[in-house]
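Q: Here is a sequence with its predicted model. Questions after.
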Amino acid sequence: MDLNFWKKEFPKKVTKTCKVAGEKSSQLIEEAKLRLNIANLNDKISDKLAEIGALVYEDYKSGNSSYADFEELCKSIEEDEIAIADMKNSILKMKKMKQCEVCDTALNIDDKYCSKCGAEQPEIVEVEPEEVIDPTVCPNCEEKIEKGSVYCSKCGTKIGE
């Protein structure tokens, strides 16, 4: 191999490989955190279901059939289930996948039909987040702006336009 390769191309390839590896490891760490949160919420749901069961049994034994005692627990379980669904969707999004709306099979994001049940899949359109303007920096010259300023003290640009 020529010396030019070792001086110019090889370091670029190593840098690119390291960058890709870093991005992948960050994604794996984020996915692991989400999976841990899902497991923790599932444990909480199991505890709440056991508590509901105990309340129902106590009501049964005492002849009282009031469901108001565990309505709060049921609402809490529903909130946890929504949080779990959101985390699962985040994991699928990281992997560039989606879930079949009929049978819950994991699919590639571009799949138009489910490979398991054949259901047509809606197209996922990603919306670009709006650019967030930092109110502490002038949008024209990037000078730091003091809180409450209407104009940039360096370039005179009106802040907030």
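A: Received it, and whenever you're ready, just let me know what you need.
Q: what mean pLDDT does stretch 74-93 have?
A: Average pLDDT, stretch 74-93: 90.
Q: I would like the residues contacting stretch 103-113, please.
A: 92, 96-100, 114-117, 119-121, 123-124 (CB atoms under 8 Å, 6 or more residues apart in numbering). From N, CA and C alone the C-beta is placed, and that goes for glycine too.
Q: Which of those fall within strands?
A: Met97, Lys98, Gln99 (DSSP state E).
Q: Between these, which sits nearest Gly148?
A: Lys98 (45.8 Å; CB to CB).
Q: Check that closest one and give its pLDDT.
A: With respect to pLDDT, Lys98 has a value of 91.
Q: Now restrict the ones in strands among the contacts of stretch 103-113 to buried residues only.
A: Buried by 16 or more other CB atoms under 10 Å: Lys98, Gln99, out of the ones in strands among the contacts of stretch 103-113.
Q: May I see the ones in strands among the contacts of stretch 103-113 arranged in CSV, with distance to Leu55 as well?
A: CSV is the format used below for these (distance: CB to CB, whole Å):
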residue, distance to Leu55
Met97, 39
Lys98, 38
Gln99, 33
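Q: Thanks a lot, catch you later.
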